[in-house]
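K.L.:
sequence and predicted model, in that order:
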Amino acid sequence: MESYQIFRDIAIILLMAKFCGLAARHLKMPSVVGNIIAGLLVGPCVFHLVEPSDFLTQMAEIGVVLLMFSAGLESDTKEIVRSGPKALAIAASGVIVPLAAGAGLFLLFYGDASTQRNLFYEALFIGCILTATSVSITVEALRELGHLKERVGTTIMSAAIIDDILGIIVLTLISGLKDPSTSLVMVGWNTLLFFLFSGVVGYIIYRVFSWIDRNHPHTRRVPILALAFCLAMAYIAEEYFGIADITGAYLAGLVLSNLQDAPYIERKMDINSYIIFGPLFFASIGLSTDVGEMDAQLLLFTLAFLGIALLSKVVGCGGMARLCGFSGGDALKIGVGMMNRGEVALIVAQKGLLLGLLNPMFFTSVIILILVSAIVTPILLKILYRRNDGE
């Protein structure tokens, strides 16, 4: 491919991603769904306008790092502490149940874990995809219903934040186990070392940024230095600890999330992500999806995958909420509110593809899950609240 042809490819992706994103928003769906569909349309699956390339893959990798950095910046660590053990228990159950259910479903359809080591980790990665929760649609639905600030709403938001952190830890452990020479103990040790390293370095960096924040608030140097810190943490995670780069980026965002200028940094990062890197990442999902391999077995798996994905969150999060003292109705609302999947699920799936632990054909299943959960979650929440309100 000619070097200048990449400009044409990026232009096509950005235009199609924007058009499809607006169409998705018009249909009350997340714009990321439109971006994914844009990748499907311009890629080998439909019109063959853009071919996957190493350059687009690298651009998408920058996009996913920036997305995880922004997710860390948006996390409210004080809310995590305030939410207490109940939100932690709900989030933990919302990770364990989908992880086990997703892995079991994959093994049921595609083989016996005792025969192939790599097959077992493919199964774990399918389960890992199901651990992620995206509550953006849930938050909007609760806001429209006027219940966002109530106990159920705040519990869902707190549990979702913790859910993402636990999901990243699970991703880190599974990614590290890909190498046959590694063991669970070694991966756990490297993960622990990296989190300790992040704690020490993060405290120092936070103090430095706090000083800059006080003396030079809302200046361009703040987001520039923050971006440099994000990229450095992503590199250190991969190069020195064997940890996924997105883990380093997410922790970098967490470190800076309590700065007064955190919203300012997040807005500046969002410009880069919104204009180019985000659309390229989500479109790359569509480019990498091989719809042509959708046979009868994969179609049946996708339907089962969808059902397991939705039910496992209701059972895991809703069941634990019931054990934590919530009423049956409120526990069900929490479980339904945690069903939605989005960006993090895509990020985990993309990481699995790069590590060779996920077949591209399963992207179709993930995309369908995101689409269906985005539609079903707000509808079910409205039904549950109206039933309780006697409407």
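P.N.:
Yep, that arrived.

K.L.:
show me what the host helix or strand of residue 379 packs onto, helices and strands only.
P.N.:
Secondary structure here is read from DSSP states H and E; on that basis residue 379 sits in helix 363-388. Applying 3 or more C-beta pairs under 8 Å, 6 or more residues apart in numbering; DSSP states H and E, one finds that helix 363-388 contacts helix 31-42, helix 136-145, helix 278-288, helix 296-313, helix 328-337, helix 343-355. In short, each C-beta sits where N, CA and C put it, glycine included.

K.L.:
counting by contacts, list what the last one packs against.
P.N.:
Under the contact criterion of 3+ C-beta pairs under 8 Å, 6+ apart, the helices and strands touching helix 343-355 comprise helix 31-42, helix 54-74, helix 117-131, helix 151-176, helix 278-288, helix 363-388.

K.L.:
ok, now with 7 Å
P.N.:
Applying 3 or more C-beta pairs under 7 Å, 6 or more residues apart in numbering; DSSP states H and E, one finds that helix 343-355 contacts helix 54-74, helix 117-131, helix 151-176, helix 278-288, helix 363-388.

K.L.:
and among those, the most buried is which?
P.N.:
Most buried of these, by mean neighbour count (mean count of other C-beta atoms under 10 Å): helix 278-288, with a mean of 27.

K.L.:
can you state the direction angle for it and helix 343-355?
P.N.:
50 degrees (axes from the mean of the first three to the mean of the last three C-alpha atoms, to 10 degrees).

K.L.:
then helix 278-288 to PDB, C-alphas only?
P.N.:
C-alpha atoms of helix 278-288 as PDB (Å, rounded to 0.1, in the frame of the first residue of the first chain):
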ATOM      1  CA  GLY A 278     -11.600   6.900  19.100                       C
ATOM      2  CA  PRO A 279     -13.300   6.500  15.700                       C
ATOM      3  CA  LEU A 280     -10.300   4.700  14.300                       C
ATOM      4  CA  PHE A 281     -10.300   2.300  17.300                       C
ATOM      5  CA  PHE A 282     -14.000   1.500  17.100                       C
ATOM      6  CA  ALA A 283     -13.900   1.300  13.300                       C
ATOM      7  CA  SER A 284     -11.000  -1.100  13.500                       C
ATOM      8  CA  ILE A 285     -13.200  -3.500  15.400                       C
ATOM      9  CA  GLY A 286     -15.500  -3.500  12.400                       C
ATOM     10  CA  LEU A 287     -12.500  -3.900  10.000                       C
ATOM     11  CA  SER A 288     -11.300  -6.900  12.000                       C
END
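
K.L.:
would a markdown table of the helices and strands packed on helix 343-355 with mean pLDDT and distance to residue 247 be doable?
P.N.:
Putting the helices and strands packed on helix 343-355 into a markdown table (pLDDT from 0 to 100; distance: least, C-beta to C-beta, whole Å) gives the following:
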| stretch | mean pLDDT | distance to residue 247 |
| --- | --- | --- |
| helix 54-74 | 83 | 8 |
| helix 117-131 | 82 | 13 |
| helix 151-176 | 76 | 5 |
| helix 278-288 | 78 | 17 |
| helix 363-388 | 80 | 20 |
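
K.L.:
in TSV: the ones you listed, plus distance to residue 234.
P.N.:
Output for the helices and strands packed on helix 343-355, formatted as TSV (distance: least, C-beta to C-beta, whole Å):
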stretch	distance to residue 234
helix 54-74	5
helix 117-131	19
helix 151-176	13
helix 278-288	14
helix 363-388	23
